[in-house]
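**Q** everything below, folded, please.
(3 chains)
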Amino acid sequence: MGKTIIVGETVEGLPISEVVQAGGFIFFSGLVAADAEGRVITGGIAAETDHIFRQVETTLQSIGASLSDVVKVNAVLTNPNDFDGFNATYRKHFHTEPPARITTCAQLLIDARVELDLVAYVGDL
Amino acid sequence: MGKTIIVGETVEGLPISEVVQAGGFIFFSGLVAADAEGRVITGGIAAETDHIFRQVETTLQSIGASLSDVVKVNAVLTNPNDFDGFNATYRKHFHTEPPARITTCAQLLIDARVELDLVAYVGDL
Amino acid sequence: MGKTIIVGETVEGLPISEVVQAGGFIFFSGLVAADAEGRVITGGIAAETDHIFRQVETTLQSIGASLSDVVKVNAVLTNPNDFDGFNATYRKHFHTEPPARITTCAQLLIDARVELDLVAYVGDL
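**A** Numbering: from 1, shown residues only, chains lettered A, B, ... in the order given. Predicted structure coming up:
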């Protein structure tokens, strides 16, 4: 019925497609700021947030879309004190018409400060 | 490709559109029961839940839709003891055919008892 | 405007439809591995995960769809030590082209090790 794998499995041992397209929407897996070896990058909340958005932007551009097509973000922080720093960096990626968002605090399965899960809408692209 | 901002940014400093439409769906940001100054209202779980649903209903009515078009709710409680009270109030807003829902406990970024994140389907409306 | 209840309310006192269809998508409520009396089954993370996927598979088959139509999974574990066991069992249900997924740790409202919330895409089926 038509799901398309945009980015497949990227982490050994994790049965997760990174990005899936269906019905005009793009579903991203929870993204953390990890390097090619799976280690979370250093630099704090701003660096992690920027790193995640570079990944998202690269993926969206590869299918002719952009960050402005993101409609919903699920943001999970591990430390509530990162909230202001997270918002400041996040704003740089959405100057106008940011997506809807929910932000909660939870424990992650990897030692990262932030995990983002996004939905974009690209229609019949 | 067509996302529409139904309700834009409402809280100073938060890069979040409150309600976004795309592909026939309406995506709400995480909603808490806050007054116009951003302070969480008093009155406990019932009052907070009712307050959130009044916001949602107003938004949906403004585009010709209603609470019956909500298809999925993500409910986050800060205190598991609020579960029964939350469900009792929630039921008043969905007498029949309630949406699908997931309910978890987590820490929120604001001192509220409940945060709700909703998806509604309105089609080509 | 067209939401369809695929599986209605199944737990007394909970105003939750278990599975809802709208706009070509299927939205599942948060699922835990509970028996007909609402008690979480014994057997640990593997047994719970298998139990949930049997429920999902039965529902999807009833509308002519299958697990391969699942596009996004929101997995909540209560114990991070279950992560490897969860992935091993999860993999058995998605040999190839697994859905996108986010996995976090949180407290649940029932004494289960895992809760899954899924979105499938079935189009005009």
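**Q** tell me the residues of chain A that contact chain C?
**A** With Cβ under 8 Å from any Cβ of the partner chain as the criterion, chain A meets chain C at residues A:1-3, A:5, A:8-9, A:13-20, A:22-23, A:27-30, A:74, A:76, A:106-109, A:115, A:117. Where C-beta positions appear, they are placed from N, C-alpha and C, glycine not excepted.
**Q** right, and chain B sits closest to which residue of chain A?
**A** Using Cβ to the nearest Cβ, residue A:102 is the residue of chain A that sits closest to chain B, at 3.2 Å.
**Q** distance of that residue from residue C:5?
**A** 25 Å (Cβ to Cβ, to the nearest Å).
**Q** just residue A:32 next, same as before
**A** When residue A:32 is compared with residue C:5 (using Cβ to Cβ), they lie 36 Å apart.
**Q** ranking helices and strands of chain A by mean pLDDT, which lands last?
**A** strand A:107-108 (a mean of 92; mean pLDDT, DSSP states H and E).
**Q** neighbour count: residue A:102 and residue C:5, which is higher?
**A** residue A:102 (24 against 17; other Cβ atoms under 10 Å in any protein chain shown).
**Q** does chain B have contacts with the least confident helix or strand of chain A?
**A** No - counting by Cβ under 8 Å from any Cβ, chain B is not contacted by strand A:107-108; separation bottoms out at 9.5 Å.
**Q** low-confidence ranges, chain A, go.
**A** Applying pLDDT under 70 to chain A picks out residues A:1, A:125.
**Q** at which residues are the helices of chain A located?
**A** Along chain A, counting by DSSP state H, helices occupy A:44-62, A:83-93.
**Q** by how many degrees do the longest one and helix A:83-93 diverge?
**A** What it means is helix A:44-62. Put simply, helix A:44-62 runs at 30 degrees to helix A:83-93, going by axes from the mean of the first three to the mean of the last three Cα atoms, to 10 degrees.
**Q** for helix A:44-62, name the packing helices and strands.
**A** strand A:3-9, strand A:25-28, strand A:70-77, helix A:83-93, strand A:114-121 (3 or more Cβ pairs under 8 Å, 6 or more residues apart in numbering or on different chains; DSSP states H and E).
**Q** same thing but 7 Å
**A** helix A:83-93, strand A:114-121 (3 or more Cβ pairs under 7 Å, 6 or more residues apart in numbering or on different chains; DSSP states H and E).
**Q** how about the residues of chain A by chain B?
**A** A:24-25, A:65, A:69, A:71-72, A:80, A:83, A:87, A:90-91, A:94, A:97-106, A:121-123, A:125 (Cβ under 7 Å from any Cβ of the partner chain).
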